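1. one predicted model, sequence on top.
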Amino acid sequence: MTAGSRGDVAPFTGLGHALERAGHRVTLVTHARFAPFAEAAGLGFHALPVDPRAELASERGLALQHSSTGAGQLARVVSLARAAVGAMVDDLVAAAREADLLLLSSSLGALGHTIAEGLGLPSRGVYLQPLAATAEFAPPVIGSGSWGAPCNRIAGRAVNAAVDAIFADTVRALRSRLGLPPRGGRAARRARERGDWPIHHGFSGLVVPRPRDWRPGLTVDGYWWPYDPPGTELPPDVRDFLAAGPPPVFVGLGSATVPYAARVSATVVRALRAAGLRGIVQRGWSGLEARGDDLLTVGELPHAALFPHVAAVVHHAGAGTTAAALRAGVPAVPLPLQFDAGFWSARVTALGVSPGPVPLRRLTADALIAALVRVTTDPSYRERARALGARIRAEDGTAPVVAAIDRLCP
């Protein structure tokens, strides 16, 4: 069960496919627009009624785009999610009634755990970000780096309380509906923590080592890669473009949306040309566009097939795109915009595979030119990226999850 944008869904197609190969029957429960992902991976599918792209285009979604601080973004996403979560409850319960075990993403963890409790089902978390409070770093959804151990812990608990508030009214009504005793969101979270409710994390310990102060039950297992069918190839126009000159730079914002896409597109084009680089620009949900013999605008493409052929990846620093660039062994220029983007930007910078972020809200051609020149002319970035990519490709993040599910559902 997962909700959100493409990046909140795609990794679970790879995890689900691995479980299917191990003999389990898997249903992906998420927004209807992502049904083709499940079909391609050979998974069952149960649609949720909310369309995340439409929500981002709503009045509340536009307010989120204009928010300039991590705290402001968190407040607006709480408002956005609170309005949407109630619409999904009936479908989540219906899907759960057909299941023997629930695997819950962080976006639906509190709600899904309540459903599992009410139906007497085992459940586990499958998270794509490190959300449990820790002294080692600030909460990924609102910042990057460290604010000092005490502040990191306090901020982490505050963020978790804000997330609990999203589900509070819905969980209260759902507990009554399922015949469970009343319990608030904070009490429910504490009960999960006291019971060492297991949460698998789908990122590599090479990128984010497991915090030493995390409770038992929280594991860092390795990346779950989006499923690409065997023989997946790039479209002919992309293959032709790659063959026509030196490796281009990929530029994409994924599922991030910005109200000033035309300005971002113009800045990207100017920077690529000033740096003497060819570019592949992905439209994404923002609708980026670039024209010229040295530029190619594309729609959705499998990152695993494209990224090994590019000189660098300029991206919005979402967890999924960050992971794909690391896997390919390609250096990056992050353009962080919101939520956990600052966290992943700081990680790739600390790992030496990026010269540093260029925040999207303060994007200028000069700043992007400087970053592009550094990342494509200093060989140390590519050397470190190649070495890290080889180690990440050697990991199998699905194996610990499959082993755990095999023990629960042999």
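-> Thanks, I have the structure now.

2. state the mean pLDDT of stretch 357-373.
-> For stretch 357-373, the mean per-residue pLDDT is 96.

3. now do the buried residues in it.
-> Neighbour-count burial for stretch 357-373 flags 357-358, 360, 363, 365, 367-373 (criterion: 16 or more other Cβ atoms under 10 Å). In this view, the C-beta of every residue, glycine as well, is placed from N, C-alpha and C.

4. next, format those as TSV and append secondary structure.
-> As requested, those are exported to TSV (DSSP: H, G, I helix; E, B strand; the rest coil):
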residue	secondary structure
357	coil
358	coil
360	helix
363	coil
365	helix
367	helix
368	helix
369	helix
370	helix
371	helix
372	helix
373	helix
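
5. can I get these in TSV including distance to residue 392?
-> Shown next, in TSV, are the buried residues of stretch 357-373 (distance: Cβ to Cβ, whole Å):
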residue	distance to residue 392
357	20
358	24
360	25
363	28
365	32
367	28
368	26
369	29
370	28
371	23
372	24
373	26
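
6. need the max-distance pair from these.
-> 360 and 373 (19.1 Å; Cβ to Cβ).

7. just the helices in the stretch 201-350 of the chain please.
-> Assigned helices in the stretch 201-350 of the chain, in chain order: 236-243, 261-274, 303-306, 319-328, 341-350 (criterion: DSSP state H, counting those that start in this stretch).

8. out of the ones you listed, which comes closest to residue 254?
-> Among these, the nearest to residue 254 by Cβ to Cβ is helix 319-328 (5.3 Å).

9. any idea of the angle the closest one forms with helix 341-350?
-> 20 degrees (axes from the mean of the first three to the mean of the last three Cα atoms, to 10 degrees).

10. list the contacts of helix 319-328.
-> Helix 319-328 is contacted by residues 6-7, 10-11, 128-129, 203-204, 207, 223, 225-226, 252, 254, 303-304, 307-308, 310, 313, 315, 331-332, 334, 340, 344, 347-348, 353, 385, 388-389, 392-393 when judged by Cβ atoms under 8 Å, 6 or more residues apart in numbering.

11. out of the buried residues of stretch 357-373, which is nearest to residue 398?
-> Minimum distance to residue 398 across these is 29.8 Å, recorded for residue 357 (Cβ to Cβ).

12. could you tell me the phi and psi values at that closest one?
-> As for residue 357, its main-chain torsions (degrees, to the nearest 10) stand at phi -80, psi 150.

13. what sits against it?
-> Contacts of residue 357 (Cβ under 8 Å, 6+ apart): 317, 333-336, 342, 345-346, 349.

14. so which of the residues you listed wins on neighbours?
-> Taking other Cβ atoms under 10 Å as the neighbour criterion, residue 317 ranks highest of the contacts of residue 357 with 32 neighbours.

15. state the distance from that residue to residue 359.
-> 10 Å (Cβ to Cβ, to the nearest Å).

16. shared neighbours, those two?
-> With Cβ under 8 Å, 6+ apart as the test, residue 317 and residue 359 both reach 335-337.

17. domain ranges for this protein, per the record?
-> 6-223+395-408, 236-393 (automatic domain parsing).

18. what about the first one, start to end distance?
-> Counting by Cα to Cα, to the nearest Å, you get 29 Å between the two ends of domain 6-223+395-408.

19. residue 368 contacts residue 269, doesn't it?
-> No - counting by Cβ atoms under 8 Å, residue 269 is not a contact partner of residue 368; they are 10.4 Å apart.

20. returning to what we had before: so which of the shared contacts of residue 317 and residue 359 comes closest to residue 399?
-> residue 336 (31.0 Å).

21. contact partners for that closest one?
-> Per Cβ under 8 Å, 6+ apart, neighbours of residue 336: 316-317, 342, 344-345, 357, 359-360.

22. kindly reformat these as JSON lines and extend each row with distance to residue 167.
-> JSON lines is the format used below for the contacts of residue 336 (distance: Cβ to Cβ, whole Å):
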{"residue": "316", "distance to residue 167": "26"}
{"residue": "317", "distance to residue 167": "27"}
{"residue": "342", "distance to residue 167": "25"}
{"residue": "344", "distance to residue 167": "25"}
{"residue": "345", "distance to residue 167": "29"}
{"residue": "357", "distance to residue 167": "31"}
{"residue": "359", "distance to residue 167": "31"}
{"residue": "360", "distance to residue 167": "29"}
